[in-house]
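Q: Quick one, structure for this:
(chains A and B)
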Amino acid sequence: MKRLLVLIGSLLAVCGLLAYSSHALSTSSGDTGSKVLNLYNWGDYIDPQLLKAFQQETGYHVNVETFDSNEAMYTKLKQGGTHYDLTVPSDYMVNKLKEAHLLQPIDKSRLTGLANLDPQFLNKSYDPGNRYSLPYFWGTLGIVYNDQFVKPGSLQHWSQLWSPKYRDQIMLIDSARDILGMALAEQGHSMNTTDPGTLLAATKKLDALSPNVKAVVADEIKMYMSQNEAAVAVDWSGEAAEMLSNNPHLHYVVPNEGSNLWIDNLVIPKSAQHYQAIYAFLNFMNRPANAAQNAEYIGYATPNRRAKALLPAKIRNDPQFYPDDRTLRHLQIYRNLSPQLVQLYNDRYLEFKMHH
Amino acid sequence: MTKRKTWLYFLPYGLWLALFVIAPVALIVYQSFFNLDHQVTLDNYANYFRSGVYLKMTLNSVWYAFLITLFTGLISYPTAYVLHQLKHRQFWLLLVILPTWINILLKAYAFIGIFSQAGVANDFLRFIGVGPQQLLFTNASFIFVATYIQIPFMILPIYNALDDLNPAYVNASLDLGANRWQTFRRVIFPLTLPGVKAGVQAVFIPSLSLFMLTRLIGGNKVITLGTAIEEHFLTTMNWGMGSTIGVVLIVAMIIVMQLTNDHEPRGGAPR
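A: Numbering: from 1, shown residues only, chains lettered A, B, ... in the order given. Sure thing, here's the model as predicted:
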């Protein structure tokens, strides 16, 4: 009994010590005064060096919290009790947040360097006139292939994925909108179709792809492709960039008949408090040198055209990640669909996954 | 006086039950009656039982959970039996329990490393001349990994049941002329059956809703109810439908508990 008490006592003491030190650590790094900026971002989606430089220059300390899906971020903002000053939703989610009255308009008069941004990524359907959002990074959906198994240059179009020669060779990203979108684009339909019949036809088309599908996975796709586990994958450009840097045999193609264009944006949630810091940060990130440094670190495409000009020619002229205008014209941004339609897309997608 | 004291002792457990068992279950049941427009409806249940997709998924889940439980049992009973005969059994038991201290995701990633094209398993197959095989993303690999993860939860209750078994019964059976097999079949196994049942409960129910493994190891070629729940809560935000599947799982759990519980009243049933 005495030994038990000693054991319990020492466990409690250790826990107390750990709790105290974690508290001490968090207060020393993230002071809660007025000189802070609370950024709610995707994991590893900003160059940490830039955060340091920002603090040195302006004195604002940036507290970063991370999320791993648009939906998770939405739920957290909606539930309230948060004090985020800036967050980074994708296109359709900007629209959804706006409609849920969770965003504040951006005061353009306090911004500098707005002209640095490429008009191609401004004034999009999800936020006309960019009242609430500024583009942060953009990218595409496409095909990654390994030139040890696929002849370089031979795989250019969605329809080729259905070829029997890729039997049990293709990995798909586990995302209903993207995979059904791929089938819709292959058939020449809008990736935002609201017609149940068209969606059903796309599901049937996907079912026909089943014999070629090796697996439907998420982030692990990067690891598998880097290790030559599969010949072909359908994934986003940002993920592809990381795979390509790990394995020189990999290539990325954006089918020019049509694919998804996604844009991640900086927005100010309703709960924001530190306006000085917010505008200082937006202007800091908009500076070409900083945006270029960030783009080189993350590996995604920057919507800042003056930053793009600063990037090494090898990156800037890479059609894999900065596709030509013709391809770009055929890309479609996902529209914010009604919950019922989102459900329908996911139900159809689940049926496809059940099919094989 | 004593009655009030018992009440006090019950308080922490009662609070725990109310906050972390009863309240969440009540919330799930409550949520399951709402559709996407936050209207009260029975549509979710109608959807579930009318759609072939969900019924097929349920059958899939039950079938895989059954296979996982079966293989776990087939491996665990002999293991527990042998373990119980060993000299340093506490040490061997510790080795069985040790893997449960490691996070399930880490174990899944370790198996990806073993089963992948460039993994250890395929290196071995190449070495013995069979050539590399597709191991990942097969039903067999999914069942293999799930079984591996569940084994300790089956071994422990069986081991405890063997521990509780009075050796005098075994000796008596042998003395009275039964051979080893008859002793096992008529004495040891029936007396340790409660351990097996407890093990089945501990393995079957979690196996019904495995979802990380179905994606990481099964490559989403095995779809269980867990996959659907994850989708409803994280992607479509259709909490009503997700909760409905949750309610179905809870009911399934109650059925399994009923089937594996001893119905004989304590104090000896009439024979």
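Q: can you list the residues of the stretch 251-356 of chain A near chain B?
A: Residues of the stretch 251-356 of chain A lying close to chain B (CB under 8 Å from any CB of the partner chain) are A:339-340, A:342-343, A:346-347, A:350-351, A:353-354, A:356. All C-beta spots, glycine's among them, are computed from the backbone N, C-alpha and C.
Q: Ranking by neighbours, what's the top pick from the residues you listed?
A: A:K353 (27 neighbours; other CB atoms under 10 Å in any protein chain shown).
Q: Off-centre distance for stretch A:111-124?
A: 19 Å (CA atoms, centre = their mean, to the nearest Å).
Q: ditto for stretch B:148-156
A: 9 Å.
Q: Which single residue of chain A ends up nearest chain B?
A: Closest to chain B within chain A is A:A215: 2.6 Å, counting by CB to the nearest CB.
Q: Count the neighbours of that residue for me.
A: By other CB under 10 Å, the residues close to A:A215 number 25.
Q: show me the contacts for it.
A: By CB atoms under 8 Å, 6 or more residues apart in numbering or on different chains, the contact list for A:A215 reads A:171-172, A:224, A:230, B:136-137, B:219-221.
Q: Among the residues of the stretch 251-356 of chain A next to chain B, which ones are in helices?
A: A:339-340, A:342-343, A:346-347, A:350-351, A:353-354 (DSSP state H).
Q: Which of the residues you listed sits closest to B:Q117?
A: A:K353 (22.9 Å; CB to CB).
Q: Thought A:V216 was touching that closest one, still the case?
A: Yes. Shown here, A:K353 and A:V216 form a contact pair, counting by CB atoms under 8 Å, at 6.0 Å.
Q: list residues touching both of those two?
A: B:N220.
Q: Mean confidence (pLDDT) on the lengthiest helix in chain A, please.
A: When chain A is parsed with DSSP H, its longest helix is helix A:2-29. For helix A:2-29, mean pLDDT is 77.
Q: Check stretch B:183-198 too.
A: In the prediction, stretch B:183-198 has an average pLDDT of 94.
Q: thinking again about what came up before, distance to B:L55 added to the contacts of A:A215, as TSV?
A: What follows is the contacts of A:A215, written out as TSV (distance: CB to CB, whole Å):
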residue	distance to B:L55
A:M171	29
A:L172	25
A:Y224	32
A:A230	32
B:L136	28
B:F137	25
B:G219	23
B:N220	19
B:K221	19
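Q: Look up how far A:D235 lies from A:K205.
A: As judged by CB to CB, to the nearest Å, A:K205 and A:D235 stand 19 Å apart.
Q: Comparing those two, which shows the higher neighbour count?
A: In terms of neighbours (other CB under 10 Å), A:D235 is the more surrounded of A:K205 and A:D235; the figures are 25 against 18.
Q: The more buried one and A:D174 touch, don't they?
A: No. Using CB under 8 Å, A:D235 is not in contact with A:D174; the gap is 10.4 Å.
Q: Need the phi and psi values for A:S90.
A: Main-chain dihedrals, A:S90, degrees, to the nearest 10: phi -80, psi 170.
Q: so who does it touch?
A: A:70, A:262-265, A:334.
Q: Tell me the spacing between the spatially most central residue of chain B and B:L136.
A: In chain B, the residue lying closest to the centroid (CA atoms, centre = their mean) is B:V203, at 1.7 Å. Per CB to CB, B:V203 is found 23 Å from B:L136.
Q: And for B:R126?
A: Counting by CB to CB, the gap from B:R126 to B:L136 is 16 Å.
Q: okay, those two: which has more neighbours?
A: Counting neighbours by other CB under 10 Å for B:R126 and for B:L136 shows that B:L136 has the greater number, 27 against 12.
Q: Which elements pack onto the helix or strand where B:F91 lies?
A: Secondary structure from DSSP states H and E places B:F91 in helix B:89-97. Under the contact criterion of 3 or more CB pairs under 8 Å, 6 or more residues apart in numbering or on different chains; DSSP states H and E, helix B:89-97 touches helix B:52-85, helix B:139-164.
Q: can you pull the contacts of A:L114?
A: A:108, A:286.
Q: Let's see that with 7 Å instead.
A: A:K108 (CB atoms under 7 Å, 6 or more residues apart in numbering or on different chains).
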